[in-house]
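K.L.:
Take a look and give me a structure for this.
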Amino acid sequence: MTDSHAQGRCGWCGTDPLYVAYHDREWGVPERDARALWEKLVLDGFQAGLAWITILRKREGMRDAFDGFDPEIVARYDEADIQRLLGDARIIRSRAKIQAAINGARVWLKMRDEGEDFSDWLWSFVGGQPIQNDWSDYRQAPTQTAESVAMAKALKARGFNFCGPVIVYAFMQAVGMVNDHQTSCFRHGRLRAMAGHG
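P.N.:
A predicted model of the protein is given here:
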C-alpha cells in the first residue's frame with residue numbers, strides 16, 4: 001500500500017494490478033456512451049453489498065454471460081435465461097440483481113424509443129459537465145450528494161432497481177460525472193484538464 005501514494009495514486013486502489021489499471025485508465029473518465037453508462041449502472045447494482053474488486057474480476061465473464069450488455073438482447077431475456085445466468089459461476093448469482101438488469105434494459109429501450117437519450121438524461125443531473133472536487137485524501141469524498149440523491153430518485157421513478165444514492169454516487173465517480181481523484185493523484189489534474197478546467 002505504501003507505494004500507491006509514492007506513485008501519486010488514490011489510496012483506495014492498493015496494489016492489485018486489476019484495481020490499479022482500473023484506477024489509472026477508467027475510473028473518473030467521462031463516459032458519454034448511453035449503452036456503456038447502462039452497463040456500468042448494472043455492474044454497480046451487482047456490486048451492492050460486495051467489494052468493487054469482486055465485480056472487476058467477474059466483469060469479462062459477466063459481459064459474456066449478458067451478451068455484451070446489449071440492451072436489445074437483455075430486454076428479451078426470459079425465465080430460461082435467468083436460470084442459465086443463475087447457473088453461471090462467472091457472474092454474481094442473484095435473481096433479484098439479474099431481474100433488475102433485464103428490467104433496466106427494458107426501461108433503457110423504452111427511453112430510447114421515446115426519443116430520450118440515456119446519456120444526456122444522466123448527465124443533466126450534473127449540468128452536462130463533470131463536477132471538479134479537490135480532496136487531499138480520497139476518504140474525504142462523500143458517499144452520496146444532492147445530485148446522487150436526485151439521480152437515484154429519478155432512476156427509481158423510471159423503473160430501475162439497485163440504484164440507491166450511495167450506489168449512484170459510486171457510479172457518478174466511476175463514469176466521470178464527478179472528479180473525486182485526490183489532488184495528489186496523477187489522474188486528478190489530467191481529468192480536470194480533460195474537462196477543460198486546466
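K.L.:
Do I have it right that P142 meets Y169?
P.N.:
Yes: contact between P142 and Y169 holds when scored by Cβ atoms under 8 Å: they sit 7.0 Å apart. For every residue, glycine as well, the C-beta is placed using N, CA and C.
K.L.:
neighbour-wise, which of those two wins?
P.N.:
Y169 (24 against 14; other Cβ atoms under 10 Å).
K.L.:
List the contacts of that one.
P.N.:
By Cβ atoms under 8 Å, 6 or more residues apart in numbering, Y169 lies in contact with P142, T143, Q144, T145, S148, V178.
K.L.:
cool, E26 as well?
P.N.:
A174.
K.L.:
which stretches of this protein form helices?
P.N.:
2-6, 17-25, 34-47, 52-65, 71-74, 79-86, 95-113, 118-123, 146-158, 165-174, 186-194 (DSSP state H).
K.L.:
Minimum distance to I131: which of those helices has it?
P.N.:
helix 146-158 (7.3 Å; Cβ to Cβ).
K.L.:
A174 against R25, yeah?
P.N.:
No: taking contacts as Cβ under 8 Å, A174 lies outside contact range of R25: 11.9 Å.
K.L.:
Specify which residue of the two has the higher count of neighbours.
P.N.:
Neighbour comparison, A174 and R25: the larger count goes to A174, with 21 against 9 (by other Cβ under 10 Å).
K.L.:
could you redo the helices of the chain as TSV and give each row distance to Q132?
P.N.:
Compiled in TSV, the helices of the chain are given as follows (distance: least, Cβ to Cβ, whole Å):
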stretch	distance to Q132
helix 2-6	21
helix 17-25	18
helix 34-47	20
helix 52-65	23
helix 71-74	31
helix 79-86	39
helix 95-113	28
helix 118-123	15
helix 146-158	13
helix 165-174	12
helix 186-194	6
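K.L.:
Out of these, which gets the lowest mean score?
P.N.:
Of all those, helix 2-6 carries the lowest average pLDDT, namely a mean of 42.
K.L.:
State the distance from R35 to W123.
P.N.:
Going from R35 to W123 by Cβ to Cβ, to the nearest Å gives 15 Å.
K.L.:
Ignore what I typed, I meant W27.
P.N.:
17 Å.
K.L.:
ok, now M111?
P.N.:
14 Å.
K.L.:
With D137 instead?
P.N.:
According to Cβ to Cβ, D137 stands 27 Å off from W123.
K.L.:
ok, the residue lying closest to E72 once chain neighbours are set aside - contacts?
P.N.:
Counting by Cβ to Cβ, 6 or more residues apart in numbering, the nearest residue to E72 once its immediate chain neighbours are dropped is L109, at 6.9 Å. Shown in contact with L109 (Cβ under 8 Å, 6+ apart): P71, E72, A75.
K.L.:
And for D113, the neighbour number?
P.N.:
Neighbour tally, D113, other Cβ under 10 Å: 8.
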